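Colleague: Coordinates for the following, if possible.
(2 chains)
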Amino acid sequence: MIRKIFLPSILFILAYGFWISPDFKEISSGVAIFLFGMLFLEDGFKAFTGGLLEKLLQKTTNKLWKSVSFGVVSTTLMQSSSLVSVITISFLSAGLISLAAGIGIIIGANLGTTTGAWLIAGFGLKVKISAYAMPMLVFGIILVFQKSKHLRGVGYILAGLGFLFLGIHHMKEGFEAFRTTIDLKAFAVSGYPGLFLFALLGVAATVIMQSSHATLVIIITALSVQQITYENGLALAIGANVGTTITAIIGSMSSNVQGKRLAGAHLIFNLVTALIAILFIYQLMAGVDVISSAVGIASDDFTLKLAVFHTIFNSIGILVMIPFTSYLVNFLTRVMPEKVVSIATPKYLSEASQAIPDVAIESVRKEIIHLYDNAFAIIAHGLSLHRHDILSERDLSDIINDTNKPTPIDIDDEYNRNIKGLYSEIVLFVSRAQAQMTSEQGEELFELRSVGRDIVEAIKDTKHLHKNLSTYIISDNQYIRNEYNKIRKNLMSVLRSLNEARGGGDILSLDSRKLELKLNDTTANGMMEKLIHESKISAQMATSLMNDISYAQDVIKNLLQMGEILFATGDLDMKLAERSLALDEDEMQEIMESQQDTQN
Amino acid sequence: MKAPKLLKIVNRFLSADKEKQYEQTKRFKEILKKLKKKENSLKDKLKKENNDKNRKQIKKELAILCAQRKKGIEAIKKLKDDD
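Modeller: Prediction:
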């Protein structure tokens, strides 16, 4: 219930917010563009998985000191720890690096960002990478349209970065209204309460301006006009360090659990560092004075002293946190668990059943029936049908008419979850169990294994079929719609027959389905040619139909082959005798010809 | 006889001992009995059926049953010939 109303409520609140505040609209659109950029960035990095970038990243981040150095260097070059952290999140989401390596980079980025304080303090210089945003977007999109996978990857990365900056720009614009309301003098409080207050202000200012560097510039300006005390200036810098994690947190919203863990690590790291800095602020101030006088910084040169402080407190944070990296990884993995995907596991295969040949064969048969049940659901949904309808006694045409909407299904995902693992276990069990069997028993086991293969093939063909079927069963063209519904009807009737054969153990009854398949093949071809000839369907539709009829026939063929072996009952001899009476291709052809002769 | 699968199975039965061959013949006879029963019931159904489409369908199923039974009889004959 809560889930159902959650999304509409969020949408309503947002819509209301947009209506009453243009600034809120600007900020929200900024967040949306930013997240869009993150998605692009992740796609871009995914293009390089398994290649040079992965190797390079693994080599440069496989040890903690390496990943920390990577963070320091990249942040120094880019002059934005936020950017480094969001890129790291996308690396992690794309599976290019480990969480521990990601934490190392973030730690390094915290140190790398202090070079910004030196640049600002020393040269009044601010590297503005966002100036490249628009060209990045343009070049990126051009590259996205290229055929080469790597060029496209670069395109996605550039466009992703462009969108990130564009998003940040909009967020800044939206927050502009709040910026003027920050009057630092109004918050002048002394002692620890003042320190915490200014740290919070630092967090707020950085969140608003989306840049800790911008906050540093404000602090320096405020210090130079003595709007705030030196002590409060330091607290602001500490807060800025925490506030800068907001970009990573927003960035992790679109990423998988790994990215979220990294954003969590970033926040914990910066919070702990901030807490240490606030608690020991007086000792740190003394340390800054000692170092400043040692390197010849004037005692009233607060700007450079701020840079020294920034470097010291981030270095302390790193020294304190590095020994706890592995604990942090464990903690985050525990607190943010990976979403458990339910994967089908064998029900009947066990070590004990492996030892007795007849029991092993029966276990495999039951397990393959389990596999078939899972496959049945996938095939039914792939045909946009409900299982209960197929198994009912309702008229097939009525069912087709009632289920005229495509069922959304990710067949690949379903296959991975409900078939692949189970099938692998069966194959493994068969290869182990056959060692102690007679040739007859071994042959039966192999027959059963081949049934597993038939099931897998049927699913793969259903996957191909599903794509066009979902489009054409809702097509405006009634002719193509009818043809696809015929395919569904045929398959449904086969699934029904299989169910009957399964219940009654009468596998020879499946032969009439085989004959049907042959007859349908001829009729379908004739019908299709007629439709093309009369221009009732387009050439593209005809091609799709041709392919899909062939996929459907393969599904039927595989399923019937499966049914013949899987649903035979009685002892082994009985099963063999019954299977030997099933009609083959030539015998079917003979019957078909005799039927046609009778009709003529 | 265009059924290599059947030949393979009959050959396997032939190479087995007498008792087993007897058992196999019994299996085929059991199946044949079942098929005959089904055939009779379909024939009855055909007599009562007036709908052309349904009659065609029943005839098809009868043809299949007939072919399956023919295969079964041949298998038994082969087993007996070799006895």
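
Colleague: show me the contacts for the residue most central in space within chain B.
Modeller: Centroid-nearest residue in chain B: residue B:69, 2.4 Å away (criterion: Cα atoms, centre = their mean). Contact analysis of residue B:69 by Cβ atoms under 8 Å, 6 or more residues apart in numbering or on different chains lists B:32, B:35-36, B:39. Where you see a C-beta, it was placed from the backbone N, CA and C, and this is true even at glycine.

Colleague: Can you identify the helix in chain A that spans the most residues?
Modeller: Counting by DSSP state H, the longest helix found in chain A is helix A:439-472.

Colleague: Quick one: name the residues of chain A near chain B.
Modeller: A:440, A:508, A:511-512, A:515, A:570, A:573-574, A:576-584, A:586-587, A:590-591, A:594-595, A:598 (Cβ under 8 Å from any Cβ of the partner chain).

Colleague: if we can go back for a sec, would you mark the buried spots in the longest helix of chain A?
Modeller: Buried residues in helix A:439-472, defined by neighbour count with 16 or more other Cβ atoms under 10 Å in any protein chain shown: A:441-442, A:444-445, A:447-449, A:451-452, A:454-466, A:468-470, A:472.

Colleague: Find me the pLDDT at residue A:156, would you?
Modeller: Per-residue confidence (pLDDT) for residue A:156: 91.

Colleague: check which helix or strand covers the closest residue to chain B within the stretch 251-400 of chain A.
Modeller: Of the stretch 251-400 of chain A, the residue with the smallest distance to chain B, taken as Cβ to the nearest Cβ, is residue A:397 at 13.2 Å. Applying DSSP states H and E as the criterion places residue A:397 in helix A:396-402.

Colleague: mean confidence for that helix?
Modeller: 87.

Colleague: contact partners of that helix?
Modeller: Defining contact as Cβ under 8 Å, 6+ apart, one finds that helix A:396-402 is touched by A:385, A:389-390, A:392, A:485, A:488-489, A:492-493, A:496.

Colleague: any weak-confidence spans in the stretch 301-450 of chain A?
Modeller: The model of the stretch 301-450 of chain A has pLDDT under 70 over residues A:339-342.

Colleague: For the residue of it found nearest chain B, which non-adjacent residue is spatially closest?
Modeller: Residue of the stretch 301-450 of chain A nearest chain B, by Cβ to the nearest Cβ: residue A:440 (7.7 Å). Sequence neighbours aside, residue A:572 is the residue nearest to residue A:440 in space, at 6.6 Å (criterion: Cβ to Cβ, 6 or more residues apart in numbering or on different chains).

Colleague: The one you found: how many residues sit nearby?
Modeller: Residue A:572 has 16 neighbouring residues, counting by other Cβ atoms under 10 Å in any protein chain shown.

Colleague: can you pull the buried residues of the following helix or strand past the longest helix of chain A?
Modeller: Later in the chain than helix A:439-472, the nearest helix or strand by DSSP H and E is helix A:478-504. Of all the residues in helix A:478-504, those buried under the rule 16+ other Cβ under 10 Å are A:479-480, A:482-492, A:494-498, A:501-502.

Colleague: Check stretch A:558-569 too.
Modeller: Counting neighbours by 16+ other Cβ under 10 Å, stretch A:558-569 gives A:558-568 as buried.

Colleague: so which one among the residues you listed has the lowest pLDDT?
Modeller: The minimum pLDDT among the buried residues of stretch A:558-569 falls on residue A:568, with 82.

Colleague: ok, that one - contacts?
Modeller: Residues in contact with residue A:568 (Cβ under 8 Å, 6+ apart) are A:505, A:507, A:574-575, A:578-579.

Colleague: Determine the three-state secondary structure at it.
Modeller: Following DSSP: H, G, I helix; E, B strand; the rest coil, residue A:568 is assigned to coil.

Colleague: what's the neighbour count on the residue of the stretch 101-250 of chain A found nearest chain B?
Modeller: Relative to chain B, the nearest point of the stretch 101-250 of chain A is residue A:149 (47.6 Å; Cβ to the nearest Cβ). The number of residues packed near residue A:149 is 10, by other Cβ under 10 Å.

Colleague: nearest residue to it other than its sequence neighbours?
Modeller: Leaving aside its chain neighbours, residue A:149 sits nearest to residue A:47 (5.6 Å; criterion: Cβ to Cβ, 6+ apart).

Colleague: list the contacts for the one you found?
Modeller: Applying Cβ under 8 Å, 6+ apart, the residues near residue A:47 are A:149-150, A:152-153, A:156.

Colleague: Okay, now the unreliable bits of chain B?
Modeller: Scanning chain B for pLDDT under 70 picks out the ranges B:1-18, B:82-83.

Colleague: Would you map the strands across the stretch 251-400 of chain A?
Modeller: Counting by DSSP state E, counting those that start in this stretch, the stretch 251-400 of chain A has no strands at all.

Colleague: now the helices for it?
Modeller: Remark: helices assigned in the stretch 251-400 of chain A by DSSP state H, counting those that start in this stretch are A:257-279, A:281-295, A:302-321, A:325-335, A:351-355, A:357-382, A:387-391, A:396-402.

Colleague: Put together CSV for those helices, with mean neighbour count on each row.
Modeller: Output for the helices of the stretch 251-400 of chain A, formatted as CSV (neighbours: other Cβ atoms under 10 Å in any protein chain shown):
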stretch, mean neighbour count
helix A:257-279, 21
helix A:281-295, 14
helix A:302-321, 21
helix A:325-335, 14
helix A:351-355, 14
helix A:357-382, 21
helix A:387-391, 15
helix A:396-402, 14
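
Colleague: Residue A:336 versus the residue most central in space within chain A, what's the distance?
Modeller: The residue lying closest to the centre of chain A (Cα atoms, centre = their mean) is residue A:256, at 6.3 Å. Distance of residue A:256 to residue A:336, given as Cβ to Cβ, to the nearest Å: 10 Å.
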